[in-house]
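Visitor: mind looking at a prediction? Sequence and model below.
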Amino acid sequence: MRFGTKAIRAGQEPDPTTGAVVLPIYMASTYVQSQVGELKAGWEYARSGNPTRAGLERSIAALEDAQYGLAFASGMAAETAVSSLVRTGEHILATKDIYGGTFRLFRHLREKYGIESTYTDFTDLSRVEEAFTPNTRLVWIETPSNPTLVVLDIAAIAELAHRHNALLVVDNTFASPYLQNPLQLGADIVLHSTTKYIGGHSDLIGGAVVTNDAELYEKLYRYQNDFGSVPSPFDCWLTLRGIRTLHVRMEAHCRNAMAVAQFLESHPKIEWVRYPGLPSHPQHELARKQMRHGFSGMIAVGVKGGAKAAQRFCEGTKIFNLAESLGGAESLIGYPPKMSHASMSAEERAWCGIPDNMVRLSVGLEDVNDLVEDLQQALESV
Ligand SMILES: *Cc1c(COP(=O)(O)O)cnc(C)c1O
């Protein structure tokens, strides 16, 4: 099956008991057994397994061309499960362009459990090579990254990780499975915040992990069940509803974002624009090679005039909502230094390439002419 068909059909077969064309929300916490220790239809207790969640897990696995999928209560719950593969004394090597919550999670693991983590610039593979330790267990990257929109060479990094006996984890949230399938490029584990493009409507919190490795799947399933970090059946159903239009939405996100990025690049009050679809992007050629259909809906810009000007820009839009998060139908604008990346020190932010004049845009699905006019009027008051 091709992507658009999988988005609508995989994991979303008509319900075998009733024929309902939409997978029902199974709210039962427990399932009747025919004899002691014998399950009637394979289901036992809803933390361990639920038919609505199982549909979602099959759907996301299919979209990532993966053997195994697991759904979690949030992107961070998915990250907690994946990082539980690492023991005290082992090491996580991460890109310095990383989601703020991941940065906080790794700090917690370091301080509380003695799990080492270091960050380096993954656009320079010789630095990555030097950053491995004999204990490196996981290599953890995002591409495109949040909020800097750096694009990393998944195939080359997978090769490097495997040479050092480490696993490559790719956070594929910004691209969505429609634009990129990291497992095909050599990644061992792919994770998503389904809160973003996969859910797509800013109405749920969720996460997912996919892999082709049966042993990793068994471990991650155990963590999902032991931590109890499962999504509710209702959230699984909402996520499946979002997935049915993922390919259609991503096409429109890409188209709108390209037009907005081109507009911003030509605006005199904008110092720089980072969008992987623009030839000015430092990894534009790699993005063209590695991604398909387009370059997603996220844009970062630097506003002339520094922090004050950037904050005025964020506060001056009327259609773009000033809010955290991304990937929904509605356009959002945010100021990473005081929002998503506020937990970093000024020095950490500078090192990670998050200057004080940075603004992040999640370009939604509204009419693009209205979006451009909105940004134009907001920039007039900057
Ligand atoms: C939002 C996000 C997360 C965390 O996901 P939650 O669903 O908010 O827990 C992880 N990685 C990236 C890239 C994100 O944007």
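Guide: Perfect, I can see it now.
Visitor: excluding its backbone neighbours, what's nearest the residue of the chain found nearest the ligand?
Guide: Closest to the ligand within the chain is Gly75: 2.2 Å, counting by Cβ to the nearest ligand atom. In short, each C-beta sits where N, CA and C put it, glycine included. With sequence-adjacent residues excluded and distances taken as Cβ to Cβ, 6 or more residues apart in numbering, Gly75 is closest to Ser193, at 2.8 Å.
Visitor: then Leu246?
Guide: Take Leu246 and drop its neighbours on the chain: the residue closest to it by Cβ to Cβ, 6+ apart is Ala7, 5.0 Å away.
Visitor: again with Ile115
Guide: Leaving aside its chain neighbours, Ile115 sits nearest to Leu109 (4.1 Å; criterion: Cβ to Cβ, 6+ apart).
Visitor: tell me if I'm right that the residue nearest to Gly75 and Leu204 touch.
Guide: No - using Cβ atoms under 8 Å as the test, Ser193 is too far from Leu204 to be in contact (10.6 Å).
Visitor: what count of nearby residues applies to the residue nearest to Leu246?
Guide: 27 (other Cβ atoms under 10 Å).
Visitor: three-state assignment of it?
Guide: helix (DSSP: H, G, I helix; E, B strand; the rest coil).
Visitor: pLDDT wise, what is it at?
Guide: We have a pLDDT of 98 for Ala7.
Visitor: quick one, what contacts Ile141?
Guide: The contact partners of Ile141, taken as Cβ atoms under 8 Å, 6 or more residues apart in numbering, are 94-95, 122, 152, 154, 157, 168-171.
Visitor: one more time with 6 Å
Guide: Counting by Cβ atoms under 6 Å, 6 or more residues apart in numbering, Ile141 touches 95, 122, 152, 170.
Visitor: now do Ala378
Guide: By Cβ under 6 Å, 6+ apart, the neighbours of Ala378 are 313, 316-317.
Visitor: paired strands for the helix or strand harbouring Ile299, with orientation please.
Guide: Element membership for Ile299 (DSSP states H and E) is strand 298-303. With DSSP bridges as the test, strand 298-303 is paired with strand 270-274 (antiparallel), strand 358-362 (antiparallel).
Visitor: out of these, which comes closest to Leu56?
Guide: Closest to Leu56 of the strands paired with strand 298-303 is strand 358-362 (Cβ to Cβ; 23.0 Å).
Visitor: of all the residues in the protein, which ones are close to the ligand?
Guide: Contact residues (Cβ under 6 Å from any ligand atom) of the chain with the ligand: 74-76, 99, 101, 142, 146, 171, 173-174, 193, 195-196, 205, 207.
Visitor: rerun that using 5 Å as the cut-off
Guide: Contact residues (Cβ under 5 Å from any ligand atom) of the chain with the ligand: 74-76, 99, 146, 171, 173, 193, 195.
Visitor: great, nothing more from me.
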